[in-house]
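Trainee: Dropping the sequence and predicted coords here.
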Amino acid sequence: MVKCDIKDKGLAKKGKLRIEWAEHDMPVLSQVKEKFAKNQILKGKKMSACLHVTAETANLVRALKAGGADIVLCASNPLSTQDDVAASLVADYGISVYAIKGEDNQTYYKHLVAAVEHSPVVTMDDGCDLVTLISSKYPKIAAQIIGSMEETTTGVIRLKAMERDGALKFPVFAVNDALTKNLFDNRYGTGQSTVDGIIRATDFLLAGKNVVVAGYGWCGKGFSMRCKGMGSNVIVTEVNPVKAIEAAMDGFRVMTMAEAAPIGDLFCTLTGNMHVIRPEHFSKMKDGAIVCNSGHFDIELDLKGLKKMAKKEIKNVRNFVDRYVLQNGRSVNVLAEGRLVNLGAAEGHPASVMDMSFSTQALATEYAIKNKRKLMPKVYDVPDEIENWVATAKLKSMGIAIDKLTPAQVKYLVSWQEGT
Ligand SMILES: NC(=O)c1ccc[n+]([C@@H]2O[C@H](COP(=O)([O-])OP(=O)(O)OC[C@H]3O[C@@H](n4cnc5c(N)ncnc54)[C@H](O)[C@@H]3O)[C@@H](O)[C@H]2O)c1
């Protein structure tokens, strides 16, 4: 029976068009879907997925359902749900969905609980919320889980901490760490969609502006690269000395947040860390500075600290823009309530990049089921054969051919005798 807690089933028509539009740019996932429809790898298996409820995710869930899964989907972020997509999944594809854009924290957790109470044997997470809840409060369900897939950097960090503490009860695949995921999704997906979210929310001109990027990992690199391409003067802040050198040699100014605060026009955090921008930084910012986050959780900006600095009511001045007027008379504009700006104010990553991430997710799921007897309660990397399959299929869909090693090259590469 299809169950749901969504905004409005009447939005299904628009959602279906969006799902089909995304599907067109997901040729690799379509192949996986056809394969699953034939091999029925998930037949009779209960699955719960806690992911951003977007058109791309809808196509992943459809592929898993085609493989026989009895799947329930809930949101992995209170602000990232596309309500029309949620409606279409329920009305057109018979998938149970618990997600409403803008849901409060209580509803968010109610939806997570509904996904857990589906009693899954396979789970998918974007940020580890489902695994954390199952591991801490549902020991019987934890004991039946064959495998779990994790989509993002923050989730993998939490899972590795659970593994270290002996709290991980079942095998998990770090899909985020696959190159077919982070090289493209984190870099080009977050890079482009973060610019998209900022522009949709503010109509901000990037050319000629000082853009401060906190964190020079894959996401920060992608965002910096896109802002530079649109004419911004990019400043990077980092805590890792190697990444800081990389940013400097990529041509960006590197400095501390304290130095960057008074000169930035736009600030974006992409670190996976907490309180990267704090009251001591907000107090130095120019009047009208724009601040946002594109890392996983809404704690990268110390919004509680900012609220305490505000003179009076915080004013919603545009969709996804809250203006805080500070006691020093200057104002700071926060986008998307400090949550992921690319999913809150825009549509998240383009389908073409999610094609690889979600094909990797789906094939890691197949691998976990096929190898369930060999797997331990550990964080596993996605096997190379899956990455190579996904990359080869993507290249083919792009009409790009690459060279093959000759027999002599294969021999040379494994030998050590040949030198100068
Ligand atoms: N917006 C999205 O759709 C999206 C997509 C993928 C990943 N993410 C999230 O974005 C975050 C970053 O992901 P990533 O793959 O780039 O991670 P990463 O580990 O490659 O990079 C994070 C960088 O932030 C730096 N950092 C940590 N604390 C800092 C601080 N206080 N100041 C400045 N720099 C600091 C680290 O040194 C590191 O270089 C994670 O939370 C991840 O889950 C978001």
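Mentor: Good, I have the coordinates.

Trainee: show me the contacts for whatever residue of the stretch 101-250 of the chain ends up closest to the ligand.
Mentor: Each residue of the stretch 101-250 of the chain has a distance to the ligand, by Cβ to the nearest ligand atom, and the smallest belongs to Gly217, at 1.7 Å. The C-beta positions use only the backbone N, C-alpha and C, and glycine is treated the same way. Gly217 makes contact with 153, 186, 243, 270-272, according to Cβ atoms under 8 Å, 6 or more residues apart in numbering.

Trainee: let's see 10 Å
Mentor: The contact partners of Gly217, by Cβ atoms under 10 Å, 6 or more residues apart in numbering, come to 153, 182, 186-187, 190, 238, 240, 243, 270-272, 295.

Trainee: Quick check, central residue of this structure?
Mentor: A centroid search over the chain (Cα atoms, centre = their mean) returns Thr152, at 5.4 Å, as the residue closest to the centre.

Trainee: Let's see the distance spanning stretch 123-142 from one end to the other.
Mentor: By Cα to Cα, to the nearest Å, the extent of stretch 123-142 from end to end equals 10 Å.

Trainee: Use 55 as the first number for this chain going forward.
Mentor: Sure, I'll start numbering at 55, so the last one becomes stretch 177-196.

Trainee: That stretch: which residues count as buried?
Mentor: For stretch 177-196, the buried set under the neighbour-count rule, 16 or more other Cβ atoms under 10 Å, comprises 177-189, 192, 195-196.

Trainee: of all the residues you listed, which comes closest to Leu417?
Mentor: Met178 (12.7 Å; Cβ to Cβ).

Trainee: Could you list the residues of the stretch 105-254 of the chain in contact with the ligand?
Mentor: 206-208, 236, 240, 244 (Cβ under 6 Å from any ligand atom).

Trainee: got the contacts of Gly271 as TSV, with distance to Glu391 columns?
Mentor: TSV is the format used below for these (distance: Cβ to Cβ, whole Å):
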residue	distance to Glu391
Thr207	21
Asn236	26
Asn240	22
Arg241	25
Thr244	18
Glu292	25
Asn294	28
Lys297	28
Leu324	17
Thr325	18
Gly326	18
Gly349	14
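
Trainee: Mind checking which of the residues you listed are buried?
Mentor: 207, 236, 240-241, 244, 292, 297, 324-326, 349.

Trainee: OK, contacts around the residue nearest to the centre of the chain?
Mentor: Residues counted as contacts of Thr206 (Cβ under 10 Å, 6+ apart) are 105-106, 130, 179-182, 212, 228-230, 235-236, 239-240, 273, 326, 349-350, 411.

Trainee: ok, now with 6 Å
Mentor: When contacts are counted by Cβ atoms under 6 Å, 6 or more residues apart in numbering, Thr206 touches 180-181, 230, 350.

Trainee: Contacts only, for the nearest residue to Gly326 once chain neighbours are set aside.
Mentor: Closest residue in space to Gly326, ignoring its immediate chain neighbours: Thr208 at 4.7 Å, by Cβ to Cβ, 6 or more residues apart in numbering. Thr208 makes contact with 181, 326, 350 under the criterion Cβ under 6 Å, 6+ apart.

Trainee: Tell me where the stretch 305-454 of the chain has strands.
Mentor: Read by DSSP state E, counting those that start in this stretch, the stretch 305-454 of the chain holds these strands, from start to end of the chain: 307-308, 320-323, 343-347, 369-372, 375-379, 385-389, 433-434.

Trainee: List just the one of the ones you listed that sits closest to Lys63.
Mentor: Go through the strands of the stretch 305-454 of the chain one by one with Cβ to Cβ and the one that ends up closest to Lys63 is strand 369-372, at 28.0 Å.

Trainee: Parallel or antiparallel, list what pairs with that closest one.
Mentor: Strands that pair with strand 369-372, judged by DSSP bridges, come out as strand 375-379 (antiparallel).

Trainee: got a list of contacts for the strand it pairs with?
Mentor: When contacts are taken as Cβ under 6 Å, 6+ apart, the neighbours of strand 375-379 outside the stretch itself are 255, 360, 364-365, 368-371, 385-389.
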